[in-house]
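K.L.:
Attaching a predicted model along with its sequence, questions to come.
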Amino acid sequence: MNHHITKRPDGKWQVKGEGNQRASVVTDTQREAINLGREISRNQRGELFIHGVDGKIRARDSHGNDPYPPRG
């Protein structure tokens, strides 16, 4: 499952599963949300989308089956 880290209207940050109504985690800082979101994404082998204050995706972190893995 993919998860998104976004800022809430109350100023807190949330980790929310794609398509879910409620947040999985709500934190005071984006950094804390990112750390918890990475842990959730690793456990569920999904992708993490990190949104900036403006709502735009600023980074993504894949923990699932990458269709284009690096060649070595």
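P.N.:
Nice, thanks for sending it over.

K.L.:
C-alpha from now on. contacts and neighbour counts both.
P.N.:
OK.

K.L.:
pLDDT score for residue 62?
P.N.:
Note on residue 62: pLDDT of 88.

K.L.:
That one: how many residues sit nearby?
P.N.:
By the measure other Cα atoms under 10 Å, the count of residues near residue 62 is 15.

K.L.:
hmm, who's touching stretch 20-35?
P.N.:
Applying Cα atoms under 8 Å, 6 or more residues apart in numbering, the external contacts of stretch 20-35 come out as 5, 7, 11, 12, 13, 14, 15, 16, 17, 36, 50.

K.L.:
which residue ranges form the helices in the chain?
P.N.:
30-44 (DSSP state H).

K.L.:
Could you list the low-confidence segments of it?
P.N.:
Counting by pLDDT under 70, the ranges of the chain that qualify are 65-70, 72.

K.L.:
now the contacts of stretch 20-35 as JSON lines including neighbour count and distance to residue 57?
P.N.:
Listed next are these as JSON lines, based on neighbours: other Cα atoms under 10 Å; distance: Cα to Cα, whole Å:
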{"residue": "5", "neighbour count": "26", "distance to residue 57": "9"}
{"residue": "7", "neighbour count": "23", "distance to residue 57": "12"}
{"residue": "11", "neighbour count": "12", "distance to residue 57": "18"}
{"residue": "12", "neighbour count": "14", "distance to residue 57": "17"}
{"residue": "13", "neighbour count": "24", "distance to residue 57": "14"}
{"residue": "14", "neighbour count": "26", "distance to residue 57": "14"}
{"residue": "15", "neighbour count": "27", "distance to residue 57": "14"}
{"residue": "16", "neighbour count": "22", "distance to residue 57": "14"}
{"residue": "17", "neighbour count": "21", "distance to residue 57": "15"}
{"residue": "36", "neighbour count": "19", "distance to residue 57": "18"}
{"residue": "50", "neighbour count": "23", "distance to residue 57": "6"}
